[in-house]
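1. 3D model of this:
(one chain, ligands or ions: 1)
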Amino acid sequence: MSVDEKQSTADTTSSTLSKVEQTSLFMAAGRAIESRKPESERAFYDPYAEIFAGTRGFEQLDRIIKTLKIPKPEMFHAHITFRTKYFDDMIKAAVGKIEKKCEEKGIKKLPKLQVVILGVGCDTRSYRLDILKGCHVFEVDMGDVIKFREEILAHKCKAKTEAIIKSVAGDLNDLEKFNLGDALIKQGYDTDNSVSIWICEGLISYLSSSSLDRVFRLASDTLCCKNETWKDLNLNWFVANCLNENTPVEDHLQQSLNVTFKSSFKTPHVLLEKYGYKEWSVVPSGGKCKDYKNDYLKQVENSANVRELAISFFFYGCK
Ligand SMILES: C[S@@+](CC[C@H](N)C(=O)[O-])C[C@H]1O[C@@H](n2cnc3c(N)ncnc32)[C@H](O)[C@@H]1O
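-> Residues are numbered from 1 along each chain as shown. Here you go, the predicted model:
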């Protein structure tokens with residue numbers, strides 16, 4: 001089956017997705033554009049992005065660029081590339097740090113690693129990143145998006161991976177009907193001998209504050225590793241991004257995607273501190289400060305610089 005035929009299957013299936021679910025498509029389009037570059041120039045290669053995006057994803061991407069009045073499309077493509085690379089790099093950094101901290105303590109048997117990808121959309125990290133070989137990856141999204149992934153990856157692309165993937169379908173905002181913690185445990189999530197990396201990319205905007213609270217509580221407490229050795233080493237990670245609150249970008253994005261956002265933040269480090277993450281970092285996109293906690297904090301405290309310039313924030317915490 002040709003790429004065009006696979007794309008047309010993706011178009012047919014994605015037409016049944018809701019507007020919120022369809023927001024996964026423009027990210028796939030952006031990743032496809034990066035993946036078309038020669039090997040020596042691209043930041044990553046996602047062989048499935050072109051197919052997932054279909055024509056709908058590229059149209060969505062163009063609409064966002066027009067509504068946001070971005071002078072050159074490459075500037076927004078670069079934002080998607082940066083975002084994808086940030087999360088790829090953080091997963092690699094987390095695994096590296098886990099190994100280093102264990103080595104420093106003379107721990108020979110490393111903890112098992114599990115990764116939870118919330119609002120997975122068309123993310124194919126479980127297939128792309130060699131570092132996830134042998135890891136348990138829990139991919140969470142609405143039921144229709146999980147079906148869409150299966151249709152494209154398993155049936156149309158016959159995609160292969162050495163990660164152990166568990167799909168978890170449910171609406172994270174439906175606190176009554178969908179118990180995320182139970183669903184993860186049912187799929188084999190382990191709190192005794194495994195440490196975890198939770199990935200929350202492009203999702204926070206869609207979560208209500210109570211749903212976000214549940215996610216943070218699960219990641220930082222209820223489902224955090226109970227093994228004393230690993231617990232003391234701060235090996236559990238939470239990596240996320242969010243939009244800056246009340247900016248024109250937030251309004252324009254809602255307009256072009258035809259969705260309503262539920263959560264955004266001016267100072268996301270407050271969230272990390274609230275849930276007990278002692279080691280953390282925040283990178284404001286479009287802001288001036290570097291990837292250092294102190295730089296960022298100084299700017300937040302001294303002026304409105306970070307809060308006004310950044311359109312979004314990338315952050316992680318470990319505990
Ligand atoms: C902007 S996309 C991001 C997809 C992917 N993480 C990425 O960055 O490419 C948002 C994703 O979150 C999912 N999502 C939004 N609200 C959700 C909810 N209440 N429960 C589960 N998934 C949700 C959507 O279906 C969609 O796949």
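2. Strands of the stretch 101-250 of the chain, start to end?
-> Using DSSP state E, counting those that start in this stretch, the strands of the stretch 101-250 of the chain run over 112-118, 136-141, 164-169, 194-200, 237-243.
3. Just name whatever secondary elements the third one is in contact with.
-> Where contact means 3 or more Cβ pairs under 8 Å, 6 or more residues apart in numbering; DSSP states H and E, strand 164-169 is packed against strand 136-141, helix 143-149, helix 180-186. All C-beta spots, glycine's among them, are computed from the backbone N, C-alpha and C.
4. is any part of the shortest one close to the ligand?
-> Yes - using Cβ under 6 Å from any ligand atom, strand 136-141 reaches the ligand at Asp141.
5. Residues in contact with that strand: which ones?
-> 21, 24, 112-121, 123, 125-126, 146, 149, 163-170, 172, 180, 183-184, 187-190, 194 (Cβ atoms under 8 Å, 6 or more residues apart in numbering).
6. Tell me which strands that strand pairs with, and in which orientation.
-> strand 112-118 (parallel), strand 164-169 (parallel) (DSSP bridges).
7. quick one: low-confidence parts of the stretch 151-300 of the chain?
-> Where the stretch 151-300 of the chain drops to pLDDT under 70, the residues are 286-292.
8. how does it look with 50?
-> Of all residues in the stretch 151-300 of the chain, none has pLDDT under 50.
9. how far away is the closest residue to Leu113 other than its chain neighbours from the ligand?
-> Nearest residue to Leu113, sequence neighbours excluded (Cβ to Cβ, 6 or more residues apart in numbering): Cys135, at 4.9 Å. For Cys135, the distance to the ligand equals 18 Å [Cβ to the nearest ligand atom, to the nearest Å].
10. Over to Val145?
-> If you go by Cβ to the nearest ligand atom, the gap between Val145 and the ligand works out to 5 Å.
11. so that residue sits right up against Ser18, yeah?
-> No - taking contacts as Cβ atoms under 8 Å, Val145 lies outside contact range of Ser18: 9.3 Å.
12. which of those two has more neighbours?
-> Of the pair Val145 and Ser18, Val145 is the one with more neighbours under other Cβ atoms under 10 Å, namely 24 against 11.
13. Could you tell me which residues make contact with the more buried one?
-> 17, 21, 24, 120-121.
14. can you do 7 Å?
-> Counting by Cβ atoms under 7 Å, 6 or more residues apart in numbering, Val145 makes contact with 17, 21, 24, 121.
15. how much space is there between it and Trp237?
-> 24 Å (Cβ to Cβ, to the nearest Å).
16. Tally up the residues packed near the closest residue to Arg217 other than its chain neighbours, please.
-> Distance criterion Cβ to Cβ, 6+ apart; nearest residue to Arg217, sequence neighbours excluded, is Tyr275 at 7.2 Å. Using other Cβ under 10 Å, Tyr275 has 18 other residues around it.
17. same thing with Lys186?
-> Per other Cβ under 10 Å, the neighbour tally for Lys186 reads 11.
18. what about the residue nearest to Lys69 when sequence neighbours are not counted, which helix or strand?
-> Nearest non-adjacent residue to Lys69, counting by Cβ to Cβ, 6+ apart: His252, 8.0 Å away. Here His252, judged by DSSP states H and E, is contained in helix 248-257.
19. Show me what that helix is packed against.
-> Under the contact criterion of 3 or more Cβ pairs under 7 Å, 6 or more residues apart in numbering; DSSP states H and E, helix 248-257 touches helix 49-67.
20. Between helix 248-257 and the helix it packs on, find me the angle.
-> Angle, helix 49-67 to helix 248-257, by axes from the mean of the first three to the mean of the last three Cα atoms, to 10 degrees: 120 degrees.
21. What parts of the chain come near the ligand?
-> Going by Cβ under 6 Å from any ligand atom, the residues of the chain near the ligand are 20-21, 23-24, 27, 119-123, 141-142, 145, 171-173, 201-203, 206.
22. Which of those residues fall in helices?
-> If you go by DSSP state H, those have 20-21, 23-24, 27, 145 in helices.
23. Tabulate those (a markdown table), appending pLDDT.
-> Shown next, in a markdown table, are those (pLDDT from 0 to 100):
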| residue | pLDDT |
| --- | --- |
| Val20 | 97 |
| Glu21 | 97 |
| Thr23 | 97 |
| Ser24 | 97 |
| Met27 | 97 |
| Val145 | 98 |
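24. so which two of these are the farthest from each other?
-> Within those, Val20 and Met27 form the most distant pair, 13.2 Å apart (Cβ to Cβ).
25. Give the burial count for His79, as a bare number.
-> 16.
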